[in-house]
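Here is my input; please provide its structure:
(2 chains)
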Number of protein chains: 2
Amino acid sequence: MSGAVTWRETATDGPARAGTMTTPHGEVRTPAFMPVGTRAAVKAVDSDDLHRVGAEIVLANAYHLMLRPGADLIAELGGLHRFMSWDGPILTDSGGFQIFSLEPEIDEEGASFTSVYDGSPVRLTAEDAMSIQERLGADIAMALDVCVGLPAPRGKVEEEMRRSLRWGERSLQAHRRDDQALFGIVQGGVDLDLRVESARSTAGLGFDGFAIGGLSVGESATERNAALEAAMSALPGDRVRYVMGLGDTDGLLDAIARGADMFDCVIPTRLARHGRALSRRGDFNINKTEYRADDSPIDPDCPCLTCAGYSRAYLRHLIRTSELSSHRLLTIHNLRYLLDLVADTRRSIEDGRFAAHVSEVTQARVRPLVS
Amino acid sequence: MSGAVTWRETATDGPARAGTMTTPHGEVRTPAFMPVGTRAAVKAVDSDDLHRVGAEIVLANAYHLMLRPGADLIAELGGLHRFMSWDGPILTDSGGFQIFSLEPEIDEEGASFTSVYDGSPVRLTAEDAMSIQERLGADIAMALDVCVGLPAPRGKVEEEMRRSLRWGERSLQAHRRDDQALFGIVQGGVDLDLRVESARSTAGLGFDGFAIGGLSVGESATERNAALEAAMSALPGDRVRYVMGLGDTDGLLDAIARGADMFDCVIPTRLARHGRALSRRGDFNINKTEYRADDSPIDPDCPCLTCAGYSRAYLRHLIRTSELSSHRLLTIHNLRYLLDLVADTRRSIEDGRFAAHVSEVTQARVRPLVS
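Now for the predicted structure:
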């Protein structure tokens, strides 16, 4: 534990909590959503756009950055904040998710990948993950873990949960920078006993904050929520809790209801590049014929640059003529939608009306779209 | 002639001139460069970006817009300004350039295309070009002309120059909107007699302003400059003069030196999407290995968003990892470079130091890059 990042509670409403996370690059109000900038860039937008949509912290990926442009180059250029021109807090993922998505060979020391760029062999141990993230210099580094896709046999989930614990311990021992926090990652799939054991043991190692990993990888919402509750029950109340890979409206509200503080997800930005708009009244594909002559913005109540200036008909035209701007304009809106959702949710906790807020959000989404 | 657009001279320095063009959507200081938004969008940027780089007028293309989304739809949605969320002046090209680039069948009535989208037949007459542009509702419409690629036999150039005159006359007769200006287009290739005849005859028809078309289509700079001089000599001094398709640094300065006021070109935006940065010290491809660890911006003296925030090393990283943002960030810089060049040139004319300015710009560009 470095103490570089702290979290203090500012309000609760049942298990739901609001708070402030303090980092070397400023404060983050929680619940918080982190836009995903895998390669030191949130796809289709720039740092100025991120500030304007209300992002307070962004995520980058150590695995991708160690391949291109390389951790040493980013260190030489003054670190990730300066490299990507983002002066707010940054969290780097360790490469654990790539152990799930790229399926490398795993042994007790680490994981052996093949580079997505040139097919060359890439080795990643817990110690490597620390060294890389220290050179990148994010405010928050993540321990290296093993994320298991679901469904999976209990034996496999248990084996990798215990390996994640050992790697977490090695990550802690290897981590040196005292201006960078290190978060541990709870695993255990949807087995509640394993989740409790993982949370208790990870908490016992003494990280600055805790992530709950291994969710949104094939389980049902019911299974996910039960796993979240089990993990939360064994985590300390004075550290931030980050649910990895979660970013749909219902999932966020479910997790916040169970005491989660922080999230990341590629969904809002990826959907944007596929023409799908998030909205308080429900999500929709703007490429549909019904929006051909629709002069209204995606959401008349949204204050983003896209909704302030552009109609559904124009956005549809951009998509149909393959204009690059459509990706950015929809990304800006979708991020604004999710960041506003999280901010509204935080205020509802502060006002003691979280349950009513969830009910309002849910009911508005099933109403027909106005246009 | 509708009188919807006027131009008045504010300063001269030899044949070079500075002025103000007044349109229904505001004033444009000349010399002026128009970013090209073929499909009602300047590729990779939005209207807010265009304002911030200093664009005062943009160009859209009637031929592309009549195919998608259609002139009637844009009219139904309140016209092109509202559709693309650009409240400044707009000029629409008539489709004459597509007669050069898409090589349709031409007869005396008009041109017969095959749609680039679905292969269906598309007919475009001088009267159609007026009707489409009136529905789009730009501040400035262009007469339909025939642009001939060079080199071409004199007989062909002469034939199409005369056809352009007849189409120009029909365009004038067909044009109805009195809140939209109509510009005529001078043709004649690099034959000086034909250029003079075309300019004199086009001027005689009485348009609100004059374009010089049929250049940057295969001729040398020397040929182009001679053709420009010939055309300028026969155009009235109290109307704006727009050189179509010109947008490289040397070409702009050459044309301004001969009395040109306005320009459009896809080069700065197209080069941006290929990783090529324009700069006061010369253009360069930012994807080169020498910029791998270069922490400096494209141009340390450039005030654009890109140069304010991002290093060459970061921009190179975005290109090498296929991040969409590279297109926008380089487009913003390249447009800013060209718009600043034109603004600096205007000031040099006002200050009576145009020749010294041209010399400074030219000398700076051959100096080695500082980095």
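
List the contacts of the closest residue to A:Met244 other than its chain neighbours.
Excluding its sequence neighbours, the residue lying closest to A:Met244 (Cβ to Cβ, 6 or more residues apart in numbering or on different chains) is A:Gly213, at 4.7 Å. To be clear about C-beta, it is placed using only N, CA and C from the backbone, and glycine gets the same treatment. By Cβ atoms under 8 Å, 6 or more residues apart in numbering or on different chains, A:Gly213 lies in contact with A:96-97, A:145, A:147, A:164, A:185-187, A:244-245.

Pull the number of nearby residues for A:His274.
11 (other Cβ atoms under 10 Å in any protein chain shown).

what separates it from B:Arg162, distance-wise?
To B:Arg162, A:His274 is 51 Å away according to Cβ to Cβ, to the nearest Å.

Next, give phi and psi for the residue nearest to A:Met244.
Dihedral angles phi and psi of A:Gly213 (degrees, to the nearest 10) take the values phi -100, psi -180.

Also A:Ile332?
phi -60, psi -50.

Also A:Val196?
Torsion angles, degrees, to the nearest 10, at A:Val196: phi -60, psi -50.

So A:Thr92: helix, strand or coil?
strand (DSSP: H, G, I helix; E, B strand; the rest coil).

Neighbours of it, how many?
As a burial measure, A:Thr92 scores 28 neighbours (other Cβ under 10 Å).

Now do the contacts for the closest residue to chain B within the stretch 1-150 of chain A.
Nearest residue of the stretch 1-150 of chain A to chain B, counting by Cβ to the nearest Cβ: A:Ser85, 3.9 Å away. Residues counted as contacts of A:Ser85 (Cβ under 8 Å, 6+ apart) are A:46-47, B:309-310, B:314.

so what's it closest to, chain neighbours aside?
Counting by Cβ to Cβ, 6+ apart, B:Gly309 is the residue found nearest to A:Ser85 once chain neighbours are left out, at 3.9 Å.

Would you confirm that the one you found contacts A:Asp48?
Yes: counting by Cβ atoms under 8 Å, A:Asp48 is a contact partner of B:Gly309 at 7.3 Å.

The two: which is more packed in?
B:Gly309 (18 against 13).

Next one: the more buried one, what pLDDT does it get?
If you check B:Gly309, the pLDDT there is 97.

Kindly report the same for A:Ile99.
In this model, A:Ile99 carries a pLDDT of 84.

What's the mean pLDDT across the helix or strand hosting A:Arg241?
In this assignment (DSSP states H and E), A:Arg241 forms part of strand A:240-243. Average pLDDT, strand A:240-243: 98.

Contact partners for A:Asp128?
Contacts of A:Asp128 by Cβ under 8 Å, 6+ apart are A:110, A:144.

how about it, phi and psi?
Torsion angles, degrees, to the nearest 10, at A:Asp128: phi -60, psi -40.

residue contacts, the residue positioned nearest the centre of chain A?
Ranked by distance to the mean C-alpha position of chain A (Cα atoms, centre = their mean), the top residue is A:Asp264 at 1.1 Å. A:Asp264 sits next to A:33-36, A:59, A:91, A:93, A:242, A:244-247 when contact means Cβ under 8 Å, 6+ apart.

still on that earlier bit, which pair of the contacts of A:Gly213 spans the longest distance?
For the contacts of A:Gly213, the maximum inter-member distance is 15.3 Å, found between A:Ser164 and A:Gly245 (Cβ to Cβ).

the more surrounded of the two?
Between A:Ser164 and A:Gly245, counting by other Cβ under 10 Å, A:Ser164 is the more crowded of the two (30 against 22).

What helix or strand is the more buried one located in?
Counting by DSSP H and E, A:Ser164 is found in helix A:154-174.

Tell me which other helices or strands the helix or strand following that helix touches.
Scanning forward in sequence from helix A:154-174 by DSSP H and E, the next helix or strand is strand A:181-186. Applying 3 or more Cβ pairs under 8 Å, 6 or more residues apart in numbering or on different chains; DSSP states H and E, one finds that strand A:181-186 makes contact with strand A:140-142, helix A:154-174, helix A:192-205, strand A:209-212.

pLDDT of the shortest one, averaged?
Predicted confidence along strand A:140-142 averages 98 (mean pLDDT).

tell me how far that strand is from the chain's mean position?
Distance, stretch centre to chain centre, for strand A:140-142: 12 Å (Cα atoms, centre = their mean, to the nearest Å).

Give me the distance between the spatially most distant residue from the centre of chain A and chain B.
The centre of chain A is farthest from one residue, A:Ala293, which by Cα atoms, centre = their mean lies 35.7 Å away. Distance check for A:Ala293 against chain B: by Cβ to the nearest Cβ, to the nearest Å, it reads 6 Å.

Tell me who's in contact with that residue.
A:Ala293 is in contact with A:313, B:73, B:76-77, counting by Cβ under 8 Å, 6+ apart.

dump the residue contacts of the residue in the stretch 251-371 of chain A positioned nearest to chain B.
Proximity to chain B, evaluated over the stretch 251-371 of chain A using Cβ to the nearest Cβ, is greatest for A:Gly309 at 4.0 Å. With contact set as Cβ under 8 Å, 6+ apart, A:Gly309 has these partners: B:46-48, B:85.

before we move on, what about A:His64?
Counting by Cβ under 8 Å, 6+ apart, A:His64 touches A:38-39, A:98, B:321.

again, 6 Å this time
By Cβ atoms under 6 Å, 6 or more residues apart in numbering or on different chains, A:His64 lies in contact with A:38-39.
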